[in-house]
Every structure is written in structure tokens, then in C-alpha cells.
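# predicted coordinates and the sequence they were generated for:
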Amino acid sequence: MKLFAIQGLKILATGSAVPDSTLSNHQLSEIVQTSDEWIVTRTGIKERRLLTGSNRSVIDLATEASLKALSKISMSPLEIDLIILATSTPNDLFGSASQIQAKIKAAKAVAFDLTAACSGFVLSFVTAGQFLQSGSYKTILVIGADVLSKWIDWSDRSTCILFGDGAGAIILQSCSIKDNQFLGFQLNTDGRQYKNLSLPYIDDSDPHTFLNIHQGSFNYIAMNGKEIYKFAVSQVPLSIIKCLTSLHMTVDEIDWLLLHQANERILTAIAEKLSLSTDKILVNVGRYGNTSAASIPLVLDESNEYGKISNNDVIVISGFGAGLTWGTVVIRWKR
């Protein structure tokens with residue numbers, strides 16, 4: 001979708017945070033039947049970070065990433081008008097964004113959670129864009145953060161090898177149309193396939209004796225890996241092409257492809273479908289695994305820090321995952 005707005009959008013700063021604790025493939029092989037070679041061959045993942053210790057949560061990682069982004073531009077937290085936290089692993093089921101608002105002392109900011117798993121950052125970026133480009137708010141902090149280690153069955157080889165914990169943050173601000181960096185977006189949902197990747201709520205077998213209400217708890221992550229692979233490789237390239245077409249752009253104009261870091265095989269397959277060189281893929285899944293909503297802003301921050309992205313580069317960002325949901329954002333990087 002090409003944007004028609006009264007304001008533009010610019011990216012002021014990025015930040016990220018990962019736990020100190022590292023879990024290698026070799027260490028994983030001591031608790032589940034697998035090997036480093038088996039994992040690397042199928043996923044490209046060599047290690048992942050896990051949030052260990054008591055009383056630590058997604059809020060800690062999200063706060064750290066946010067403060068790093070603020071410090072890079074010496075911005076006061078009081079300048080933030082809105083905080084959007086993309087997470088599927090909140091510390092409080094009623095929402096965790098408000099706790100981040102308090103921790104970073106952004107007292108003037110409205111704050112809310114957005115739950116869309118691995119597509120969460122893309123949907124949050126687009127949501128922030130609508131607020132900024134309509135003139136509703138001036139400065140927005142968007143955070144992608146997940147602590148999936150708390151929701152993994154560590155005896156399930158099909159899932160425990162994939163996921164890690166992390167957070168990434170980005171500060172967006174409205175600007176003149178001529179300085180706009182947000183070129184367009186394209187979003188999709190297919191709820192018929194939700195069971196292919198879910199974290200289901202399970203009722204207790206026995207209801208309340210008087211009220212006949214079943215109460216329960218959330219189970220572990222459940223995933224049909226083959227179906228998710230087929231979905232991502234077939235649908236994400238179509239989303240990218242559709243978004244580029246709406247902007248009268250072609251694949252040849254892409255400088256960088258920034259995909260949700262689900263699995264290196266998926267990233268490579270999507271690039272091949274687009275006839276795009278794998279040298280144009282921004283990737284760090286080997287070091288962090290799949291960090292869900294955190295993966296895209298985590299890669300973006302590292303690529304920015306390492307100076308990999310140049311002024312005026314066109315970056316195509318695509319998230320995909322549970323729901324099933326997927327979507328694309330096209331930005332032009334400005335330093």
C-alpha cells in the first residue's frame with residue numbers, strides 16, 4: 001500500500017538488548033537428542049541467548065533496548081508521545097508496555113502492547129506510522145521484545161532448537177514529506193492456518209463445581225515446521241512483490257532484505273524466489289536464533305551499528321509467523 005499522508009516519518013535511532021547467557025548447540029545436545037551439525041544444517045542457528053535468573057522478564061530486555069536507543073541521540077524520555085511494545089510473552093497478560101513506560105521515565109507517553117508474534121514488529125511499525133503520518137503524535141518508541149524460552153518445551157526438539165530471547169527498539173518521528181523514509185506497506189492474515197504455530201490456552205478438565213467454568217493455563221509453543229516453511233517461502237515473496245508494485249518499484253531497487261530471523265533456510269529460499277542475491281540479506285539468526293518480534297529490530301540495530309547500511313539504501317522488511325500473519329514494509333534509510 002502506497003502511503004498518502006500529511007506528514008512523513010523518519011527513523012531517529014535504534015537500540016537492542018540480549019541476555020548474557022548463551023546456549024550453544026552442543027549444550028542443547030546434552031538435554032535433547034540433536035547435534036550441532038543437525039541444527040546448523042537445517043536452521044543455520046549455532047547458538048541462542050536465554051534470559052536466566054529469577055524475576056527477570058521481557059520488561060528488562062525491552063527497557064535496556066529502549067534506553068540504548070534514547071542515549072544514542074541524547075533524547076529525553078519525556079519527548080516520547082507513544083510506546084508500542086510488540087510482544088507475545090508479556091510479563092503481565094494485561095500488558096507490559098506501561099511498565100516499560102515507568103522504567104524509562106517516559107511519563108508523558110501513552111503505552112500499549114501489540115500481540116502478533118513474529119509479525120509483531122512489522123505491524124507495530126505500520127501502526128506507529130499511521131499515528132505519525134496523520135499528525136496524531138510526533139515521536140514514537142516501537143519495541144519488539146520476546147522471551148520465548150519461558151514458553152518452550154525443552155524436551156521438544158522441533159521447537160527448542162529454534163528460539164532465543166532478545167529485544168530491539170526504534171525511535172520514529174514525524175517529518176516533512178520530502179524527508180519521509182516510510183515508503184509503503186502490505187499486510188496479510190490467514191486465520192485458517194493458526195494451528196501451524198500457536199501457544200494455546202488449555203482448559204482444566206474439571207470445571208468449577210458451582211459455576212461450571214473451566215479454568216486453565218497456557219501450554220508450550222506448538223509448531224508444524226514443514227507447513228510454516230511452505231507458508232513463508234510461498235507467501236512472503238508475494239507480499240514483497242505486491243508492496244513494491246504498489247510503489248512502482250522493482251526487486252532490482254532493493255539494497256537490503258531484512259526478514260524475520262526464523263531460519264536461515266527460509267531466508268535463503270525467499271531471496272531465491274525473488275531472484276535476489278543472498279549477499280543482500282541482513283542476517284544474525286546464527287547467533288541469536290528466532291527471537292520472534294525482536295528479530296527484525298535486533299538485526300536493524302546491529303546493521304546500523306556496524307555501518308552496513310548506507311544513506312538512501314532501500315530496505316525491504318518482512319515479518320511472518322503465528323496467526324498466521326505476514327507483512328512487508330519498505331523504507332529508505334537516511335543517516
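Arrived safely, thanks for sending.

# report the secondary structure state of Val233.
For Val233, the assignment made with DSSP: H, G, I helix; E, B strand; the rest coil gives helix.

# quick one: pLDDT of it?
We have a pLDDT of 97 for Val233.

# what about the helices in the stretch 51-200 of the chain?
Ranges of helices within the stretch 51-200 of the chain are 58-72, 97-103, 120-133, 157-160, based on DSSP state H, counting those that start in this stretch.

# figure out how far stretch 229-246 is from the centre of its chain.
Centroid displacement of stretch 229-246 relative to its chain, using C-alpha atoms, centre = their mean, to the nearest Å, is 17 Å.

# still on that earlier bit, show me the one of the helices of the stretch 51-200 of the chain that comes nearest Arg48.
Among these, the nearest to Arg48 by C-beta to C-beta is helix 157-160 (9.6 Å). All C-beta spots, glycine's among them, are computed from the backbone N, C-alpha and C.

# re earlier: looking at the helices of the stretch 51-200 of the chain, which has the lowest confidence?
Taking the mean pLDDT of those, helix 157-160 comes last: a mean of 94.

# need the helices of the stretch 51-200 of the chain in JSON lines (columns: distance to Asp81 and mean neighbour count).
Shown next, in JSON lines, are the helices of the stretch 51-200 of the chain (distance: least, C-beta to C-beta, whole Å; neighbours: other C-beta atoms under 10 Å):
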{"stretch": "helix 58-72", "distance to Asp81": "14", "mean neighbour count": "23"}
{"stretch": "helix 97-103", "distance to Asp81": "11", "mean neighbour count": "21"}
{"stretch": "helix 120-133", "distance to Asp81": "8", "mean neighbour count": "24"}
{"stretch": "helix 157-160", "distance to Asp81": "38", "mean neighbour count": "18"}
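
# isn't Ala222 up against Tyr194?
No - in terms of C-beta atoms under 8 Å, Ala222 does not count as a neighbour of Tyr194; the distance is 10.6 Å.

# distance check, the residue most central in space within the chain against Lys226.
Centroid-nearest residue in the chain: Ala293, 2.3 Å away (criterion: C-alpha atoms, centre = their mean). Noted for Ala293: a distance of 23 Å to Lys226, by C-beta to C-beta, to the nearest Å.

# for the chain, give me the ranges with low pLDDT.
Residue ranges of the chain with pLDDT under 70: 1-5.

# distance from the centroid: which residue in it tops it?
Extreme point of the chain relative to centroid (C-alpha atoms, centre = their mean) is Phe210; 42.9 Å.

# for that residue, which three-state class applies?
Secondary structure state of Phe210, per three-state DSSP, is coil.

# next up, the contacts around the closest residue to Ala86 other than its chain neighbours.
Leaving aside its chain neighbours, Ala86 sits nearest to Gly120 (3.2 Å; criterion: C-beta to C-beta, 6 or more residues apart in numbering). Neighbouring residues of Gly120 by C-beta atoms under 8 Å, 6 or more residues apart in numbering: 86-88, 114, 144, 292-293, 319.

# which of those fall within strands?
86, 114, 144, 319 (DSSP state E).

# which members of the residues you listed are the farthest-apart pair?
Once C-beta to C-beta is applied, the ones in strands among the contacts of Gly120 give Leu114 and Gly319 as the farthest pair, at 11.9 Å.
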